[in-house]
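Enquirer: give me a 3D structure for the following:
(one chain, ligands or ions: 1)
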Amino acid sequence: MSVKVDIRHRFDGFSLETQFASEGGVTALFGPSGSGKTSIINALAGLLTPDEGRIEIGGRVLFDSAAGINVPTHKRRVGYVFQEPRLFPHMTARQNFDYGRPRPLITERHDPAIQALGIRHLLDRDVRGLSGGEAQRVSIARALMSNPSILLLDEPLSALDATRKAEVLPYLQALFSEAQIPVFYVSHAMEEVAQLATDLIVLRDGRVARAGAIGDVLADPEAVSDIGVREAGALLRVTVKTRAAGDGLSELATSNGALFLPQVSAAEGAGLRVRIKASDVILSKDRPDRLSALNILKATVTAVHEGQGPGVAVALRAGEDQLVARITRRSARALGLKPGSACYAVIKSVSVAPADMGPTG
Ligand SMILES: Nc1ncnc2c1ncn2[C@@H]1O[C@H](COP(=O)(O)OP(=O)(O)OP(=O)(O)O)[C@@H](O)[C@H]1O
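Expert: Residues are numbered from 1 along each chain as shown. Now for the predicted structure:
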């Protein structure tokens, strides 16, 4: 189901001027604080009326300033998940779902969502006794109960600590992999986005700085400065070959050789996407010998992007996969790197954390 957004809105000191289209899937809205992420999903939900523009979901026009159309929030069929669970206390999860409705809300139609979110055993528990992660899973289920035509999540994991976040992520992955409706996921945490999204919109000062399939945007060396030099990094598609050997490292097969990483929890044979941060890739013209790093992939330079500072972003092709390396301009010159140059990409095993790995979508 397609989503088309073309809106302009002015607040005191901030202007939103955003245009994008999505063909469904899970679209992440990523950007620094104040870049306009929440304003965009509020406009989709009808909680913010843009000064002008148009919003269309699945062929249905929800907002068109020129035509005088502005469908009210309750008629937009939007599921909205906030940073905090916002459940009614003193009630069970089921009572939360049913609140204000003439008949029980849960039907068999909701089984897949209840299953994916793992909340069946929580339905008759008082929500005050739920952990933060459980409560957020219940509130995501509630957002899906009314059969929405779009699901909007605004930083749904940011109020959770790292352990709870890691606990909820697999549920979101399971849910999103089956989602029949477009999902918009607001986050400023790239490790979440890299695991969950199919498409990525990078926002900056109310404008779309980059947009496209997540793999393409993350592999684009020109996007490195928009994403942030610490967070930028391409997604490598791998298959788990052998789970942790005696030394704790698992062997993953890439399209161009083996990768050895620690703490891989996926089963043997599972497909994973692994974010390799640009700052964790070192380049060498010759195959390095007697080096502590285990992961050395033969690669070809496809682009060298010089930014403002001392760093350059080097795009690489390694077999079927793409990588981005951020190295100094001085090193790039010393190595004579240019499109077509053959080199070796060296990736340090311990710098790839479990949070950087997600199933292939
Ligand atoms: N109702 C409002 N009145 C005035 N300014 C607003 C209003 N809502 C948002 N803004 C301003 O618009 C800008 C974008 O805000 P928005 O909440 O959309 O950004 P964001 O990317 O979601 O940020 P964060 O990650 O901090 O939530 C900010 O400068 C904010 O102060």
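
Enquirer: what does the stretch 101-250 of the chain put close to the ligand?
Expert: Proximity of the stretch 101-250 of the chain to the ligand (Cβ under 6 Å from any ligand atom) is limited to residues His188. C-beta coordinates here come from the backbone N, C-alpha and C atoms, glycine included.

Enquirer: for the closest residue to the ligand within the stretch 151-300 of the chain, give its distance to Ala66.
Expert: Closest contact between the stretch 151-300 of the chain and the ligand, by Cβ to the nearest ligand atom, is at His188 (5.5 Å). According to Cβ to Cβ, to the nearest Å, His188 and Ala66 sit 33 Å apart.

Enquirer: these two - which one has more neighbours?
Expert: Shown here are His188 and Ala66; by other Cβ atoms under 10 Å, His188 has more neighbours (18 against 8).

Enquirer: name all residues that make contact with that one.
Expert: Neighbouring residues of His188 by Cβ atoms under 8 Å, 6 or more residues apart in numbering: 30-33, 37, 155, 158.

Enquirer: strands of the stretch 1-150 of the chain, residue ranges please.
Expert: 3-11, 14-22, 26-30, 52-57, 60-64, 69-70, 78-81, 150-154 (DSSP state E, counting those that start in this stretch).

Enquirer: those: which one's closest to Arg142?
Expert: Closest to Arg142 of the strands of the stretch 1-150 of the chain is strand 78-81 (Cβ to Cβ; 8.3 Å).

Enquirer: show me what the closest one is packed up against.
Expert: Packed against strand 78-81, as judged by 3 or more Cβ pairs under 8 Å, 6 or more residues apart in numbering; DSSP states H and E, are the following elements: helix 37-45, helix 132-145, strand 150-154.

Enquirer: just want the angle from the first one to strand 150-154.
Expert: With axes from the mean of the first three to the mean of the last three Cα atoms, to 10 degrees applied, the angle from helix 37-45 to strand 150-154 works out at 160 degrees.

Enquirer: what about helix 37-45, distance to the chain center?
Expert: Relative to the chain's own centre, helix 37-45 is displaced by 17 Å; criterion: Cα atoms, centre = their mean, to the nearest Å.

Enquirer: quick one, longest strand in the protein?
Expert: Determined from DSSP state E, the single longest strand within the chain is strand 295-306.

Enquirer: in terms of secondary structure, what does the next helix or strand after that one contact?
Expert: Where DSSP states H and E defines the elements, the next helix or strand beyond strand 295-306 is strand 311-318. If contacts are counted by 3+ Cβ pairs under 8 Å, 6+ apart, strand 311-318 sits against strand 281-284, strand 295-306, strand 321-328, helix 329-334, strand 342-347.

Enquirer: could I get the full set of helices for the stretch 151-300 of the chain?
Expert: Secondary structure of the stretch 151-300 of the chain (DSSP state H, counting those that start in this stretch): helices located at 162-178, 190-196, 214-218, 224-227.

Enquirer: and for the longest one, what's in contact with it?
Expert: If I follow you right, that is helix 162-178. Here helix 162-178 makes contact (Cβ under 8 Å, 6+ apart) with 26, 112-113, 116-118, 131-133, 136-137, 140, 156-157, 160, 183, 192, 195-196, 354-355, 358-359, 361.

Enquirer: I'd like to know which of the residues you listed are buried.
Expert: For the contacts of helix 162-178, a burial check counting by 16 or more other Cβ atoms under 10 Å picks out 26, 113, 116-118, 132-133, 136-137, 140, 156-157, 160, 183, 192, 195-196, 355, 358, 361.

Enquirer: quick one, what contacts Val193?
Expert: 28, 30, 185, 187, 200, 214.

Enquirer: state the pair within those residues that is farthest apart.
Expert: Top of the distance list for the contacts of Val193 (Cβ to Cβ): Ser187 and Ile214, 12.3 Å.

Enquirer: so which of those two has more stuff around it?
Expert: More crowded of Ser187 and Ile214, by other Cβ under 10 Å: Ile214, with 25 against 21.

Enquirer: ok, that one touching Leu235?
Expert: Yes - here Ile214 reaches Leu235: they are 6.8 Å apart, a contact under Cβ atoms under 8 Å.

Enquirer: what is in contact with the two at once?
Expert: The contact sets of Ile214 and Leu235 overlap at Ala194 (Cβ under 8 Å, 6+ apart).

Enquirer: still on that earlier bit, if you average pLDDT over each of the helices and strands packed on strand 78-81, which is lowest?
Expert: Of all those, helix 132-145 carries the lowest average pLDDT, namely a mean of 89.

Enquirer: off-centre distance for it?
Expert: So, by Cα atoms, centre = their mean, the centroid of helix 132-145 is 19 Å from its chain's centroid.

Enquirer: re the thing from before, neighbouring strands of the longest strand of the chain in the sheet, and parallel or not?
Expert: Using DSSP bridges, the strands paired with strand 295-306 are strand 311-318 (antiparallel), strand 342-347 (antiparallel).

Enquirer: buried stuff in it?
Expert: Within strand 295-306, the residues that count as buried by 16+ other Cβ under 10 Å are 295-297, 299, 301-305.

Enquirer: ditto for stretch 124-144
Expert: By 16+ other Cβ under 10 Å, the buried positions in stretch 124-144 come out as 127, 130, 132-144.

Enquirer: would you point out the most distant pair within the residues you listed?
Expert: Among these, the pair separated by the greatest distance (Cβ to Cβ) is Gly132 and Leu144, at 19.2 Å.

Enquirer: Leu152 contacts Ile41, correct?
Expert: Yes - the pair Leu152 and Ile41 passes the contact test of Cβ under 8 Å, sitting 4.5 Å apart.

Enquirer: okay, and the common contacts of the two?
Expert: Common contacts of Leu152 and Ile41, defined by Cβ under 8 Å, 6+ apart, comprise 80, 184, 186.
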